[in-house]
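Visitor: Turn this into a model:
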Amino acid sequence: MKIYAHFLILILCLSCCVKKNLPLNFNARGYGQSVSITDDEGNSISFDQPFARIISLYSAHTENLFALGAGEKLIGGHSTCDYPEAAKALPVFEYTGDPEYVIAASPDLVLIRPFIRRHNPTYIDALEKAGIPVVSLYPETFDDFDGYIRQLALLAGVDGEAGLDHFHSELQNIREAAASIKNKRRVFFETTERETRTASRKSLPALAIEISGGINIAEDAIPVNPLSSIASYGTERLLSRAEDIDAYIVQMGAMNPTKSLYTLRKRAGFSAITAIHEGNVLFIDEKIISSPVFRYLQGVKTIAHFLYPDEFKNPEASE
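Guide: So this is what the prediction gives:
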């Protein structure tokens, strides 16, 4: 009897372990059981089948769902959802507008990020009161990216592992190739012209410079807040190192309208910066270097080619 009891306990333990360790990218429909995830606001959501009518209010969610092969499950996006081309055809919903438009579309899931609830909590409250599941996701660091993608894949009932494997394999290839470069280039990455801000040490742009074999001269810059990817640097401090900067990278986007070498050189003192004086400047779309998307790989390849064109191919030419 005791042997039977021990055997029964062992079976129960193994059963619990199997359930606990279910892969995050499985298709819940095939398991016939409820699945739970906890989003980045600490809210739990349970479901027994993938969601099929999704509205995404954050461009990275939209882009990643398309990359995962789940674009057909999207019935709406935000006005900033402009990639891939198919995303531009989605009905547009603004989280600063009337939540009734979203409710009327009858989604079975709305994807947001924590920023959206913080800035318009009444909008999200209205969706939840209408019985629409809302999931808030945002990977704060590169280390959180895989978990984030797996959660998206799980919600949509698609596989996320193949995309992640390719993504990390390609990044590792760049890192290994860059490791053998002897004459490393010293880089400054500009996130915003205002206060000449740069990328914080643990941000995606800073990581891209590291993977590409560059030396980030602003590695000690202090983030504007503990979780921010933006760090204070200052024009005076930057110009004090004008001769040390071999390469200058400008992030283009909503926060930084600077788009030309001419505009950079018009700034007081900036023509003294070696990289700007010699024209070694890269303007790069913030969506491929600062957003948690698979296209980050393209951003890293772009920086690697910019820094070391003899060692790395131009990603645009190889497309």
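Visitor: Tell me who's in contact with T302.
Guide: L282, I284, I288, I289, P315, E316 (CB atoms under 8 Å, 6 or more residues apart in numbering). Yep, even glycine has a C-beta here, placed from its N, CA and C like the rest.
Visitor: Restrict the residues you listed to the buried ones and give me that as a PyMOL selection.
Guide: Of the contacts of T302, the buried ones can be selected in PyMOL as follows, counting by 16 or more other CB atoms under 10 Å:
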select buried, resi 282+284+288+289+315
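Visitor: Among the contacts of T302, which lie within helices?
Guide: Per DSSP state H, helices hold no members of those.
Visitor: Tell me the one among the contacts of T302 nearest to K73.
Guide: Relative to K73, the closest of the contacts of T302 is I288; by CB to CB it sits at 23.7 Å.
Visitor: so what pLDDT did that closest one get?
Guide: With respect to pLDDT, I288 scores 97.
Visitor: Need the max-distance pair from the contacts of T302.
Guide: Most distant of those, by CB to CB, are I289 and E316, 14.4 Å apart.
Visitor: returning to what we had before: could I get the contacts of T302 in TSV, plus columns for distance to R186?
Guide: As requested, the contacts of T302 are arranged in TSV below (distance: CB to CB, whole Å):
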residue	distance to R186
L282	14
I284	18
I288	23
I289	18
P315	23
E316	25
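Visitor: nearest to R201, of the contacts of T302?
Guide: Checking the contacts of T302 one by one against R201 (CB to CB), the nearest turns out to be I289, at 15.4 Å.
Visitor: Surely that closest one and L207 touch.
Guide: No: contact criterion CB atoms under 8 Å: I289 and L207 do not qualify, at 9.8 Å.
Visitor: what about the helices in this protein?
Guide: Using DSSP H, helices in the chain cover 2-20, 59-67, 99-104, 114-119, 121-129, 145-156, 161-179, 204-211, 235-239, 261-266, 274-278, 296-307.
Visitor: Of all the ones you listed, which one is nearest E195?
Guide: Using CB to CB, these put helix 235-239 closest to E195, at 7.7 Å.
Visitor: Residues contacting that closest one from elsewhere in the structure, which ones?
Guide: Residues contacting helix 235-239 (CB under 8 Å, 6+ apart): F188, E195, T196, R267, A268, G269, F270, A272, I273.
Visitor: sorry, back to before: ranking the helices of the chain by mean pLDDT, which is last?
Guide: helix 2-20 (a mean of 37).
Visitor: just to revisit the earlier point, I'd like the contacts of helix 235-239 laid out as TSV, including neighbour count, pLDDT and distance to I249.
Guide: Formatted as TSV, the contacts of helix 235-239 follow (neighbours: other CB atoms under 10 Å; pLDDT from 0 to 100; distance: CB to CB, whole Å):
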residue	neighbour count	pLDDT	distance to I249
F188	27	98	7
E195	13	88	17
T196	20	93	13
R267	15	94	16
A268	8	95	20
G269	12	96	19
F270	19	96	14
A272	12	97	18
I273	24	98	12
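Visitor: Farthest-apart pair in those residues, please.
Guide: Once CB to CB is applied, the contacts of helix 235-239 give E195 and A272 as the farthest pair, at 19.0 Å.
Visitor: Kindly check the end-to-end length of stretch 35-42 for me.
Guide: 16 Å (CA to CA, to the nearest Å).
Visitor: In a markdown table: the helices of the chain, plus distance to K73.
Guide: Compiled in a markdown table, the helices of the chain are given as follows (distance: least, CB to CB, whole Å):
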| stretch | distance to K73 |
| --- | --- |
| helix 2-20 | 26 |
| helix 59-67 | 7 |
| helix 99-104 | 16 |
| helix 114-119 | 20 |
| helix 121-129 | 18 |
| helix 145-156 | 5 |
| helix 161-179 | 16 |
| helix 204-211 | 26 |
| helix 235-239 | 45 |
| helix 261-266 | 42 |
| helix 274-278 | 44 |
| helix 296-307 | 23 |
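Visitor: Of the ones you listed, give the one that comes closest to P84.
Guide: helix 59-67 (5.3 Å).
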